[in-house]
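K.L.:
prediction below, plus the sequence it came from.
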Amino acid sequence: MARVAIITDPDTALGFRLAGVDAYSVLSHQEAEDYIKKFLRNREYEIVAYSDEYSGNLPESLHRKIEESILPIFISIPSVKSWREAGKEEEYIERVLQRALGFYVKIRR
C-alpha cells in the first residue's frame, strides 16, 4: 500500500490524522515549502498531497520539480479556505473539475 502524506493547516491535518494518514500541519507558506522539499529529497512517501492555498507562493523551480516528480507524486488538494471563498458549492465543484479534466464543465440542476 502506498504511503501518503498530507501538508495542510492544523485543523485539516487533525482530520487526516484521525483517518490514519500522516498529516503535517503548517502555519506558513515557508513551512509547506520546506516539507515539500524534504519529501522530494527523501522519497519517504509515494503520494504527497498539499493544500492548494500554498501552491501559489511556491517558487517556479519548485513547481517544475513537483510536476516532473515520479516518486513521490504530488497532488494539490482544495483547502477549507478555498472551499469557503468559492461562494456557491457548484462553482467550487466546477473549478475542481475544470482543473482535473482540463476543460469547463457546467453543472445543471
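P.N.:
Sure thing, it's come through.
K.L.:
CA atoms only: put whichever strand or helix holds Ala5 into CSV for me.
P.N.:
Ala5 is part of strand 4-8 when elements are defined by DSSP states H and E. The C-alpha coordinates for strand 4-8 follow below in CSV (Å, rounded to 0.1, in the frame of the first residue of the first chain):
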residue,chain,number,x,y,z
VAL,A,4,0.6,9.0,1.8
ALA,A,5,1.4,12.3,3.5
ILE,A,6,-0.7,15.5,3.7
ILE,A,7,0.7,19.0,4.2
THR,A,8,-2.1,21.3,5.4
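K.L.:
what's the angle between the helix or strand hosting Gly15 and strand 4-8?
P.N.:
Secondary structure from DSSP H and E places Gly15 in helix 10-18. Computed by axes from the mean of the first three to the mean of the last three C-alpha atoms, to 10 degrees, the angle separating helix 10-18 from strand 4-8 equals 160 degrees.
K.L.:
for stretch 15-26, what is the distance to the chain centroid?
P.N.:
13 Å (C-alpha atoms, centre = their mean, to the nearest Å).
K.L.:
number the chain from 49, please
P.N.:
Taking 49 as the first residue, the last one we looked at is stretch 63-74.
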